[in-house]
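1. predicted model, plus sequence, below.
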Amino acid sequence: MRFDDLTKITVFGALVRAALGRGWAPPADLDPARLVPWLQAKKIDSLFFLYGSRSYPPQIIYDRIWSAQRAALLEILRGLEAEGVSAVVLKGAEAIERFYGSRAISVSSDIDLLVPRAAAQIAKRCLFSLGYRQAGFLPEEDRLVDLDIEDIAATEFGHYELAPFMKPMGIEVADADLPAIRRSGACVMYETAQGLPRFFVNVDIHVGLSRDTDPAPLIERAVPSAFGLGRALAPVDAAWFTLARLYAEQASHAKTTIRDYFYCLPHLRAGFPFDLLAERAAAEGVAVPLYYGLSLFEALAPGTVPASVIEALGLAGRRERRDYGWQLGRILDGPEPPPHLLTRHDGSHR
């Protein structure tokens, strides 16, 4: 099979259907070796091989890094709970633990936690006690340098995240594994001026999710985390937040990785309350990204999303100002293709 937009959409569709629990059925004539560079660039190479139960050498180092991050996350959650704070685990960490058997999906740059704004200083105190610093890596001196208090204040004033925290990861990595980590683009490996690798756990503490979203109702609706400590966004909240955030990053920051779709997709299996999702999306002002995201899933996996829900999102989206189109070019690495391209890739052509 020639590696072109048709192939990318076909493979992406197969991954979407697998994430929805419909089985793994990639194109029979596809050469995985030709596909790997694109999968790596999109941060979904792990999924292709995990779904197919195939050996994939980079997965070994991906899992080692995730294991160190996971241990760090559990330590932080315990520390916060000892202070009376039940943090909400956000983004990839919760999805990896809940849906993917705690197997890494490429390399994640950081751990993201949401705490009530009133608990921000408690979170800082906890992380400092565990050896984390609000710092950056200085390659010339091979060390962490604390951020200036003015820079920390500028970052945290009026923002929904604290200045980032860092701590040495404490793992040794073979030289042969370094290219796979570099290709992942994840900010876990820093290099000294002499080219020596240094690995760090990065932690982002959120006191909100965006400038337009009140986090209090989401924290109140949060459910027990898959880690057995802390909490996680309720499935409906996780779905709209993930799709809305990805769409904004695609449009405003030219994000081309698509791993975040697979943090959302397993939530959408049979029994998911799509009507509530549409209602919540309209209330949060994110009907447009939900319209495009769910329409994409429905085109690739027919029968996933009720037509009435997509119609309701389309109508609600007319009242929103930020509509950047389909953003399919971000998936295909080129000009925006016509949406009808998707209609040919529900699996029937194979």
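-> Ah, there it is.
2. how is this structure divided into domains?
-> Using automatic domain parsing, the domain ranges for the chain come out as 57-233, 234-320.
3. tell me which of those sits nearest to residue 5.
-> Comparison of these against residue 5 by Cβ to Cβ identifies domain 234-320 as nearest, at 13.8 Å. For glycine as for every other residue, the C-beta is placed from the backbone atoms N, C-alpha and C.
4. centre of the chain versus that closest one, how much separation?
-> 14 Å (Cα atoms, centre = their mean, to the nearest Å).
5. what are the C-alpha coordinates of the strand or helix carrying residue 310, in PDB please?
-> Using DSSP states H and E, residue 310 sits within helix 307-317. C-alpha atoms of helix 307-317 as PDB (Å, rounded to 0.1, in the frame of the first residue of the first chain):
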ATOM      1  CA  ALA A 307     -26.900  11.800  14.700                       C
ATOM      2  CA  SER A 308     -29.100  13.900  17.000                       C
ATOM      3  CA  VAL A 309     -26.100  14.700  19.200                       C
ATOM      4  CA  ILE A 310     -24.000  15.800  16.200                       C
ATOM      5  CA  GLU A 311     -26.900  17.900  15.000                       C
ATOM      6  CA  ALA A 312     -27.400  19.500  18.400                       C
ATOM      7  CA  LEU A 313     -23.700  20.300  18.700                       C
ATOM      8  CA  GLY A 314     -23.700  21.800  15.200                       C
ATOM      9  CA  LEU A 315     -26.600  24.100  16.100                       C
ATOM     10  CA  ALA A 316     -25.100  25.100  19.500                       C
ATOM     11  CA  GLY A 317     -21.800  25.800  17.700                       C
END
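6. what's the first helix or strand after it?
-> Immediately after helix 307-317, counting by DSSP H and E, sits helix 328-332.
7. in that following helix, what counts as buried?
-> 328, 330-332 (16 or more other Cβ atoms under 10 Å).
8. equivalent analysis for stretch 272-292, please.
-> Quick answer for stretch 272-292 (16+ other Cβ under 10 Å): 272, 274, 277-282, 284-292.
9. got a list of what residue 309 touches?
-> Going by Cβ atoms under 8 Å, 6 or more residues apart in numbering, residue 309 touches 274-275, 277-278, 294.
10. of all those, which two lie farthest apart?
-> That would be 275 and 294, which, of those, are the farthest apart (Cβ to Cβ) at 12.3 Å.
11. max-length helix in this structure?
-> helix 58-82 (DSSP state H).
12. one step back: so which of the domains of the chain is the most surrounded?
-> Compared across these, domain 234-320 shows the largest average neighbour count, a mean of 19 (mean count of other Cβ atoms under 10 Å).
13. what is the end-to-end distance of that one?
-> Start and end residues of domain 234-320 are separated by 24 Å (Cα to Cα, to the nearest Å).
14. before we move on, back to that, could you point out the helix or strand that follows the longest helix of the chain?
-> strand 88-89.
15. contacts for whichever helix or strand comes after that following strand?
-> Using DSSP H and E, the helix or strand that directly follows strand 88-89 along the chain is helix 91-99. Contacts with helix 91-99, where a contact means Cβ under 8 Å, 6+ apart, come from 19, 66, 69-70, 73, 89, 102-105, 108, 111-112, 225-227, 232-233, 238, 242, 259-260, 262-263, 266.
16. OK, contacts around residue 316?
-> 278, 281-282, 287.
17. state the distance from it to residue 290.
-> 9 Å (Cβ to Cβ, to the nearest Å).
18. anything in contact with each of the two?
-> Taking Cβ under 8 Å, 6+ apart as the criterion, residue 316 and residue 290 both touch 278, 281.
19. what helix or strand does residue 54 sit in?
-> Going by DSSP H and E, residue 54 is not part of any helix or strand.
20. give me the phi and psi for it.
-> With angles defined as degrees, to the nearest 10, residue 54 sits at phi -110, psi 150.
21. where does it land on pLDDT?
-> Residue 54 carries a pLDDT value of 87.
22. residues in contact with it?
-> residue 32.
23. let's number from 27 now, not from 1
-> All right, first residue 27 from here; so that's residue 80.
24. from residue 312, how far off is it?
-> Distance from residue 80 to residue 312, by Cβ to Cβ: 36 Å.
25. and if you look at residue 171?
-> 38 Å.
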